[in-house]
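# Sequence first, predicted coordinates after that:
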Amino acid sequence: MSYIAVIGAGSWGTTIAVMLAGKDLDVSLWVYEEDLALEMKETLVNRIYLPECRLPNNINISSEFRDVLKDCRFIISVVPTQHIRGILTKAAPFVPAGASFVSASKGIENETLKRPSEIILDIFPARNVSVLSGPSFASEVIRERPTAVSLASADKKEALLLQELLTTGFFRVYTNEDIAGVELGGALKNVVAIASGISDGLGLGNNARAALITRGLAEMRRLGAAMGAREKTFSGLSGMGDLVLTCTANLSRNYTFGMRLAEGMKAEEILAGSRSVAEGVQTSKSVMGLMEKYGVDMPISLEIYRVIFEGKSPVQAVQDLMSRSLKEEFYG
């Protein structure tokens with residue numbers, strides 16, 4: 001029996017907890033909203049984020065860190081990236097000395113331009129922090145549809161242990177040593193997914209979407225290489241795999257956010273009408289800082305930032321991308 005604490009009860013955090021409880025592992029789930037935690041304990045349903053699933057009764061649900069983190073061996077953080085620092089700082093007094101972390105968040109912190117695993121290490125220095133990422137819609141995992149993801153860790157033994165712990169008959173985990181690459185793939189693909197949603201929302205066709213996915217991946221690789229990631233990682237599950245998924249499916253919050261932009265809605269209107277987080281919105285802001293810091297050309301990401309935060313017309317953004325100076329395919 002391994003004691004696992006999942007921090008964050010959105011659709012993905014709840015799904016992970018349900019999946020691990022299904023293996024008869026000892027699992028606790030921390031819920032931000034106290035009223036939702038009480039409701040979930042009583043009804044065994046996460047009405048807001050995962051209403052289609054009945055929760056197993058062997059999950060310990062609480063909004064109190066002391067209840068969830070007591071004696072835990074692994075802590076899986078599924079907190080929206082911009083809130084990781086605040087929430088885990090509050091959790092810190094209750095984290096056992098020997099506990100390791102797994103980050104399942106996808107994004108880049110705006111103020112520091114740090115990845116989720118780096119934020120966790122700021123709060124908990126010298127801890128093992130692994131990263132779980134890849135093409136994994138919660139609504140499909142909860143229905144036990146076949147899924148494959150990447151688990152990145154600098155500690156080989158820990159990676160193998162987590163691989164066994166997290167793998168099920170429908171959820172297959174591959175190990176990877178490239179923490180930066182796995183994490184950047186999961187974050188950057190959300191910006192490209194917004195672009196793909198805009199393209200489809202404007203009715204630009206399959207050719208345009210294929211071009212966006214391919215050139216978006218080129219941007220991801222360029223920035224990843226500049227930041228010390230391995231380029232081949234972006235051809236894997238956490239790169240190309242997650243990129244294709246989020247750029248082609250209505251289940252993607254970032255893709256549907258882009259479609260709403262194409263329909264003429266403003267970013268603040270779309271965000272105000274949703275309780276779920278489209279991580280690509282804030283990630284696009286962080287990408288602007290990383291582009292400047294590392295001197296990397298990322299024209300698609302730049303246009304997405306301008307559409308979201310500067311009110312640029314999506315149609316004009318497409319025109320500006322298509323009229324850029326001509327280049328070799330593999331440059332930079």
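Thanks, I have the structure now. Residues are numbered from 1 along each chain as shown.
# Nearest the middle, which residue of this protein would you pick?
Lys106 (2.5 Å; C-alpha atoms, centre = their mean).
# Could I get the contacting residues of it?
Thr81, Pro116, Ser133, Glu183, Gly186, Ala187, Asn190, Glu279, Thr283 (C-beta atoms under 8 Å, 6 or more residues apart in numbering). The way it works is simple: take the backbone N, C-alpha and C, and place the C-beta from them, glycine included.
# what about 6 Å?
For Lys106, the contact set (C-beta atoms under 6 Å, 6 or more residues apart in numbering) comprises Gly186, Ala187, Glu279.
# so the second one is in which element?
When elements are assigned from DSSP states H and E, Ala187 belongs to helix 179-201.
# right, and the helix or strand after that helix?
Downstream of helix 179-201, the first helix or strand assigned by DSSP H and E is helix 206-226.
# That next one - contacts with which helices or strands?
Under the contact criterion of 3 or more C-beta pairs under 6 Å, 6 or more residues apart in numbering; DSSP states H and E, helix 206-226 touches helix 179-201, helix 299-309.
# Swap in 8 Å and give it another go.
Other helices and strands packing on helix 206-226, by 3 or more C-beta pairs under 8 Å, 6 or more residues apart in numbering; DSSP states H and E, are helix 179-201, helix 242-248, helix 279-294, helix 299-309.
# Between helix 206-226 and the helix holding Ala187, find me the angle.
Taking axes from the mean of the first three to the mean of the last three C-alpha atoms, to 10 degrees, one finds that helix 179-201 is oriented at 160 degrees with respect to helix 206-226.
# any idea of the mean pLDDT for helix 179-201?
Regarding helix 179-201, the rounded mean pLDDT is 98.
# how about it: buried residues?
179-201 (16 or more other C-beta atoms under 10 Å).
# Now Ser103: phi and psi?
Main-chain torsions, Ser103, degrees, to the nearest 10: phi -90, psi 120.
# Grab the nearest non-local neighbour of it.
Pro116 (4.4 Å; C-beta to C-beta, 6 or more residues apart in numbering).
# so the residue nearest to the centre of the chain sits in a strand?
No - going by DSSP: H, G, I helix; E, B strand; the rest coil, the assignment for Lys106 is coil, not a strand.
# separation between the closest residue in space to it that isn't next to it in sequence and Leu237?
With C-beta to C-beta, 6+ apart as the criterion, Lys106 has its nearest non-adjacent residue at 3.9 Å, and that residue is Gly186. For Gly186, the distance to Leu237 (C-beta to C-beta, to the nearest Å) stands at 10 Å.
# Output the worst-scoring helix or strand of the chain on mean pLDDT as PDB, restricted to C-alpha atoms.
When the helices and strands of the chain are scored by mean pLDDT, DSSP states H and E, helix 267-272 comes last with a mean of 92. Provided in PDB are the C-alpha atoms of helix 267-272 (Å, rounded to 0.1, in the frame of the first residue of the first chain):
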ATOM      1  CA  ALA A 267     -10.800  36.800 -23.900                       C
ATOM      2  CA  GLU A 268     -12.200  38.100 -20.700                       C
ATOM      3  CA  GLU A 269     -15.800  37.200 -21.700                       C
ATOM      4  CA  ILE A 270     -14.700  33.600 -22.400                       C
ATOM      5  CA  LEU A 271     -12.800  33.300 -19.200                       C
ATOM      6  CA  ALA A 272     -15.600  34.700 -17.100                       C
END
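# Sweet, I'm off.
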